[in-house]
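Undergrad: Any chance you can model this:
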Amino acid sequence: MNRLVHDARAPLNRISMQAELIKLVLENDMPPEQALAAADKIIAACQQCSESLEQLSNRQ
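TA: Residues are numbered from 1 along each chain as shown. You can find the predicted model right below:
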């Protein structure tokens, strides 16, 4: 169980970091490509988190 919780936290941390990056990009008039790349990473991390939660629910 601890391993699954750890596995879910990693993508959540990436989501948070990438959301902060998007905010910085938008606040500082940086190229929109950086925001799009961060959004893609958020989507991938959400999918990974969903998979971890699915594994957790299947074990119960």
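
Undergrad: And the contacts of stretch 40-59?
TA: Stretch 40-59 is contacted by residues 1, 4-5, 7-8, 10-12, 14-15, 18-19, 22 when judged by Cβ atoms under 8 Å, 6 or more residues apart in numbering. Quick note: C-beta positions are derived from backbone N, CA and C, even for glycine.

Undergrad: hmm, 7 Å instead?
TA: By Cβ atoms under 7 Å, 6 or more residues apart in numbering, the surrounding residues in contact with stretch 40-59 are L4, D7, A8, P11, L12, R14, I15, Q18, A19.

Undergrad: export those residues to TSV and tack on pLDDT, neighbour count and distance to L56?
TA: Shown next, in TSV, are the contacts of stretch 40-59 (pLDDT from 0 to 100; neighbours: other Cβ atoms under 10 Å; distance: Cβ to Cβ, whole Å):
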residue	pLDDT	neighbour count	distance to L56
L4	72	14	5
D7	76	16	9
A8	74	17	7
P11	84	20	13
L12	86	14	14
R14	87	18	18
I15	89	19	18
Q18	88	20	23
A19	90	14	23
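
Undergrad: So which of those belong to helices?
TA: Of those, the ones assigned to helices by DSSP state H are L4, D7, A8, P11, L12, R14, I15, Q18, A19.

Undergrad: Skip the chain neighbours and tell me the closest residue to the most centrally placed residue in the chain.
TA: For the chain, I15 is the residue whose C-alpha lies nearest the centre (Cα atoms, centre = their mean; 2.7 Å). Once flanking residues are discounted, I15 sits nearest to A45: 4.7 Å by Cβ to Cβ, 6 or more residues apart in numbering.

Undergrad: Look at the one you found and say how many residues are nearby.
TA: Counted with other Cβ atoms under 10 Å, the neighbours of A45 add up to 19.
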